[in-house]
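[1] I would like to see how this sequence folds:
(chains A, B and C)
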Amino acid sequence: MASTVVEGEGIGARVRRKEDARHLMGRGRFVGDIQIQGLQEVAFLRSPIAHGHIRSLAKPQGQEAAVFFWSDMASAVTPIITRSTMPGYKLSSYHPLAHEKVRYVGEALAMCVAASRAEAEDLTEAVTFDIEELPAVTDSEAGKAADSALVHEEWGDNLCLVTNFDSGIDEVAKTAPVKVVREYRTARQCMHPMEGKGLVAYWDFQADQLVVITSTQVPHLIRTGLSECLGLDQSRLRVSPPDVGGGFGYKCLLQPEEVAVAWLAMTRKGAYRWVEDRREHLTAGANARQHHYKVTAYADERGRLLGLDAEINVDIGAYSVWPFSACLEAAQAGGNLPGPYDFRAYRARTYSVATNKPPFAPYRGVARPGVCFAIELTIDAIARAVGRDPADVRAENLVQAAQMPYTNVTNKHYDSGDYPGSLAKAREMIGLAAIRERQKGREPDGRRIGVGFSTYTEQSAHGTKVFAAWGLPLVPGFEQATVKLLADGTLEVRAGIHTIGQGLETTLAQVANQALGIPLKDIAVKLGDTASTPYSTGAYASRGMVMAGGAVSKSATELAGRVKRLAAHLMQCKPEDVDFRQGRIHAGEASLSFADIGKAWYLRPETLPEDIDTNGLEVTQGYKPDVDSGVFSYATHAALVAVDPDTGMVEILDYVIVEDCGQMVNPMIVEGQAYGGAAQGIGTALFEESPYDSSGQPLASTLIDYLLPGPTELPGFRIGHMETLSPYSAHGIKGVGEGGAIAPAGAIVNAINDALQELGAEIGQIPATPERILNAIFAAQPKQAAE
Amino acid sequence: MTAHPIELTVNGRRVSGMAEPRTHLAEFLRGPLGLTGTHLGCEQGVCGACTVLIDGKPQRSCLTFAVSCNGDEIRTVEGFDDDPVMTELREAFSAHHALQCGYCTPGMLVTARDIVTRLGDVDEETIRRELSGNICRCTGYVGIVGAIRQVAAGKTAVAQNWNFEARHDAVAAKTVEAAPAAEAAKPASMDFSTAGDGFSVLKQQVTVPAPADQVWAVLGDIRRMAACLPGASVDTVEGDRVTGSLTISFGPIKASFAGEGEVARDESARTGTVKGRGRDAKGGSSATGEIAYAVLPQGEGTIIDVTVRYKLTGPLAQFGRSALVTDFARRMTDLFAANLTAMLTGTPGAEPARSELSFLTVASMMLGALRDRLKALIGR
Amino acid sequence: MKPAAFDYNKPADLAAALHALSGDAKPIAGGQSLTPMLNLRLARPAALVDIRRQADLLKISEAPDAIRYGAALPHAAFEDGAVPDGTNGMMRHVAGGIAYRAVRNRGTIGGSIAHADPAADWISALLALDARVIVQGAKGETAWPLDRFMLGGFTTVLEAGDLITGVSVPRLSPSARWAYYKICRKTGEFAKAIGAVVSDPDRGVFRIVCGAIEVTPILLEARSVEAALAEIDSRLADHAPAARQLYKTAMRRALEGLGETSA
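    Model (predicted):
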């Protein structure tokens, strides 16, 4: 569904991306592509044991200089410790190389260096070690038990953080006519950017500094983190991110390998590279998504939600990641479970349970794919309990447009939007009425069809106040950007945020174009390098366009004023008579090029007026929205599925997204984010799972074990847009990066349960594998299983 | 492991160099040749980021060794500047927003070009199926499929070039048919479960046509017991302490666990245990296990109740297809019983023990290195 | 991950290849099954013997009652119809469903059989076709039926020094029909269940194979849908109910689809 076509190249224009050309020619520059004279490759020896005491660790004879243990760096390196002011939060020391204990399979024991990766891997096999195995904690429920083994003995239990929220539910619990009780489980996942994490680190003698070329979403944060861990002044540390082959949250962390390899370059003054391979990603990389919910919902006879009582367990793995901590997930889960719904009685206890698995990291949507799955299945369960169509019950429970802005039961401030409007539009696009008709008959192929909806609201670009309340190492403040008009009239835009595929080189240029009218081909966007860009906390929380877009807009607007004043002087008119059209500067009949302006400042200063702004043609401004508690994007996803009751296989027949991210800067990119996010959400719903056995061994170490959705597993998405501008942000922009991943599990599993309703079967666990669906059918129809 | 000289044509240019046998074509292209457009995404043959043309046919450069491409013609994403179809695809990819991070893009383009040239004007369903060997994590494939559809529209298919020699024979070539199989013994019943502590437990009853006394004696001699386990060897026996190793293989996988163990016997109850642990030093996998057995007379013969508990850690444990191992364990147990029978009755087994079949280490290291999940990768 | 080091040689002829294979060497043709194992360092042979271009392994010989295919013929050659087919299109259909095109271009029929993954397509299809695996070794050339060639998952009769040189596939009568139904969670990935049926009344052949069962595929004795499902339940009673449900569904759909696939 096309929105209004915006002419030109500014905000709202569907323009092609500036970053495409190099990738299409195979000329992208990723960490693995970098060639430096004398570059050595690093491989890590990783623990095969989930939990144990390191009894001995020995370097191969004759290769001592190429193998490193924690003991080699202990005197110079501080382990990664992520602090938080959340009450009761417990600290963990995450050593770049294991110290005394290993706490998950894949934890690095040793770092080995050689001329090639293959030889470095050979070296890892020559290291000898002895680990005394301890009982492993592999389940969040069991990890809470008093007699559980302890991941961190000094904690006394495995609870990194417990939160309690209660707005008062007892009254509703006593009186509500409808009560629905459910348990839900979401699988542990790996994020799988196609490029693993990785870095090249070397010592730059000319600048007398350590240069770290790392695949990251948050280069300026990495400088802070590395500086703290290495005890190296920030002025002697440059983080220069290359092309990043996907992030999704995985690359917004300070990685232990980053610390280890940076230490190597800092102390050895050489050049070193490590790139995570797929097996490392699957068995040792940070994980995400694993929640366990126990939900009791209270409603009236019409299905109006009156109250919600939830226990949420998050399996956080062994260590708290920097800077987001292992507890952001549960904190977000507890705060976001009420979702887009209007009710006031809510109780939630969250448990962040340490286990002997890789650390937990925020993944696209952060907690919300889990809570959305839980609340959306609950809404449908209520609808079934009262015998009404889930779409109707959902519509009545949503916060209504007239209630905006709306502060919900957990004090989230929903700035704007029409949630029921998105549902109504999705309902129409998917053709609910026709589907209900079709369901009255039989499908010719024996499958059963079902339709499901899922509506979410997503806090994006939440800022200072929100993060300060969590007391994390990271608190975003003013996002800065620099714009600089050069002597030839071309424009340079520099921002400290980084591009990881989300198209910021294009969209930030569009924002600059909006203010100045300079064509995109004449705008160069440079991102992320700490040596040349102003500070940014980076790309996370769907904040790129809201924050960096706002900053570029503010800087470019100020530059526009300076250009106008200078142009007015040169054209002998008033600044307010100057405007920008077709890439030139006009005043009545007269016009100048931007090159004329650039030339005046840089090359012909004798032509400048007496009262010229001596800041020149370069502007750096900081920006945050007037209200920075977050701007709330939202969407409704609708899925039509066919479930084969003989195989448990699910086919997505149709998939509709109706989204509202406020002002779209580039609708093509918005759609790309929505499709890509939804594709990952479908992975969550149907395919992706990293199982662990009871001794903590990961059971998916290849892409044969861990299924990523391919082109035949995904539908041709259909999208509809709504554009409710945020009252708080520049241009009314809201975040769009993460949202697509939030809703699919709810929509698809609701659709599956709709399809299975006649069989009396229901599932509450994802991924909804054929085996789980068949077992649900068997449980509901014991006869069929026995046949 | 000496490097071999190789000579290839890459993007129309003759190149030569030295390559270690284990160097993938992808690494050879990316390293010495500096053609870094070919990306490595999984090195497991699944993601397709490394797809290049070898002799005109798209193939995985991560599943291809440079030495085996000697003399071949390679074409990478950098080698299509003069290719009209690739020019159209690049244009369409940009117009359809078919790339975000760009990492999968080179492999996508090579595959896309193959779809368009080999299949011509194809529908969306075909495009999606043909594209299924290339994973994109960013776009949901919407733009990629759209771009390929646009470029494919109106194109004529050109069949891939093959040239195999077919010879007509008046009669089939004579080949000796394998001797018919001896009537297979009914597989032993086996009870397989997973305990909560990470151990897998296997219970099995083995019937041996030999008197219980004799069986009890043999099981007490760790070296003789080991002889029934192909791949097992005992190095030292000192009292209850045993050291030794077990080499197992499963398809192309081979692991050699070296370690130690303890033997315990209860003469009156005629029960015994062998406990042990061992490590496959090269592969980094470890095994821990325990065999408990009870010897019970049954008529002229003997029943041996065997309970095996084992746990595997490390790479060999990190897969997911459970029934494969149950089958492996069953076969190993049958083989062990057959060898034991042969030893006790003095008749050679129907089939001699095969070196790659093995069971239970002496030091008990475990039942095949393959717990309930050895999953072989990509067999096709 | 990168493979552990190994030696490599590319023998001039088949005799030299067989000689080179004694000891801890593995043959490699397409390497599409072996190389992932090498990359993960799960397979660590001392040497690879490259047989991809051995002329003897790329030959096809057509006899009146069977076609013998060289072991190094890639799947895609079957898919494209670039080799003669005596199975009324069954081999072409099966080949086109193996993994992905880039793998099919290099992976070979002999390599897939040697790997003996129970979920592999050729294993089940060739058992249904009553093909013979031709193994050349110290004892000369032996022809093995698939279900005897395979001793179990990933385990075969092949010993050090043995090499699969070809596959001999009986020609079906023009009236013969076949069906092949597989259940995969994802295109190109391993099957969770395969039902393969070949019905050739003129030759008195009716073969039903239940495959992708994590053990050697089984040839059913049943001759009807109901009997086949019952036989699966009884012979694979120790498999999980959900797994058996998939086997039975694949089997039923293959048998029901038999009418629709005649040449």
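
[2] so, low pLDDT: which residues of chain A?
    By pLDDT under 70, the low-scoring segments of chain A are A:1-4, A:783-787.

[3] tell me, what residue is most central in it?
    In chain A, the residue lying closest to the centroid (C-alpha atoms, centre = their mean) is residue A:364, at 2.9 Å.

[4] I'd like to know how far that residue sits from residue B:330.
    Separation of residue A:364 from residue B:330 (C-beta to C-beta, to the nearest Å): 44 Å. In this view, the C-beta of every residue, glycine as well, is placed from N, C-alpha and C.

[5] now do residue A:627
    67 Å.

[6] neighbour count: the two, which is higher?
    residue B:330 (21 against 16; other C-beta atoms under 10 Å in any protein chain shown).

[7] got the CA coordinates for stretch A:132-142 in CSV?
    Output of stretch A:132-142 as CSV, limited to C-alpha atoms (Å, rounded to 0.1, in the frame of the first residue of the first chain):
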residue,chain,number,x,y,z
GLU,A,132,36.9,-30.4,37.2
GLU,A,133,33.3,-30.5,36.2
LEU,A,134,30.6,-29.1,38.5
PRO,A,135,26.9,-29.7,38.2
ALA,A,136,25.5,-27.3,35.6
VAL,A,137,22.5,-25.0,36.0
THR,A,138,20.6,-25.3,32.7
ASP,A,139,17.0,-24.4,33.5
SER,A,140,15.7,-21.1,34.9
GLU,A,141,13.1,-22.8,37.0
ALA,A,142,15.5,-25.4,38.5
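
[8] residue A:659 belongs to a helix?
    No: using DSSP: H, G, I helix; E, B strand; the rest coil, the assignment for residue A:659 is strand, not a helix.

[9] run through the strands of the stretch 151-263 of chain C in chain order.
    Counting by DSSP state E, counting those that start in this stretch, the stretch 151-263 of chain C has strands at residues C:155-156, C:163-170, C:177-183, C:193-200, C:205-211, C:218-220.

[10] and residue A:42, what is it in contact with?
    Applying C-beta atoms under 8 Å, 6 or more residues apart in numbering or on different chains, we find residue A:42 in contact with A:111, A:112, A:113, A:120, A:257, A:260, A:261, A:264, A:272, A:273, A:274.

[11] save the residues you listed as CSV, and put in secondary structure and distance to chain B too.
    Formatted as CSV, these follow (DSSP: H, G, I helix; E, B strand; the rest coil; distance: C-beta to the nearest C-beta, whole Å):
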residue, secondary structure, distance to chain B
A:111, strand, 16
A:112, strand, 13
A:113, strand, 17
A:120, helix, 13
A:257, helix, 17
A:260, helix, 19
A:261, helix, 19
A:264, helix, 21
A:272, strand, 16
A:273, strand, 12
A:274, strand, 14
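
[12] closest one to residue B:19 out of the residues you listed, please.
    Distance to residue B:19 across these (C-beta to C-beta) is lowest for residue A:120, with 18.1 Å.

[13] what's the burial count for the closest one?
    Neighbour tally, residue A:120, other C-beta under 10 Å: 24.

[14] ok, which stretches of the stretch 601-750 of chain A are strands?
    Under DSSP E, counting those that start in this stretch, the stretch 601-750 of chain A gives strands at A:618-623, A:631-643, A:650-660, A:718-722.
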